[in-house]
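Q: here's my sequence, what's the structure:
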Amino acid sequence: MTWKEISEPGAYVEVGSGDLYRIPKEALLEGSSPLIRKESSGSSTFIQVSKNPYVTTFEARMVCAEHNVQPNF
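A: Predicted coordinates:
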């Protein structure tokens, strides 16, 4: 999914960089200013590694391994 397609809380990994983003429900409140912004000249692809934004790093790394994504966290 792309950055703009993220619509639910969770932990997401950017496939290209391996960076982990923790998106709490407060960051996605409709009608309010976004708490998280990402600006880039390129496009990013993300996978959701957990619906829990506070998933342990170990668990997030294991999901990355299952999807052949090199974690950078």
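Q: and the pLDDT for the residue nearest to the spatial centre of the chain?
A: In the chain, the C-alpha nearest the mean C-alpha coordinate belongs to Y12, at 2.0 Å (C-alpha atoms, centre = their mean). For Y12, the pLDDT comes out at 96.
Q: name the SS class of it, please.
A: Judged by DSSP: H, G, I helix; E, B strand; the rest coil, the three-state class of Y12 is strand.
Q: same question for V63.
A: Strictly by three-state DSSP, V63 counts as helix.
Q: which parts of this structure are helices?
A: 57-66 (DSSP state H).
Q: mind listing residues that contact the one helix or strand in the chain whose mean pLDDT sits lowest?
A: Lowest on mean pLDDT, DSSP states H and E among the helices and strands of the chain sits strand 20-23, with a mean of 94. Residues outside strand 20-23 that contact it (C-beta atoms under 8 Å, 6 or more residues apart in numbering): 6, 9-14, 36, 46, 49, 53-54, 57, 60, 71-73. From N, CA and C alone the C-beta is placed, and that goes for glycine too.
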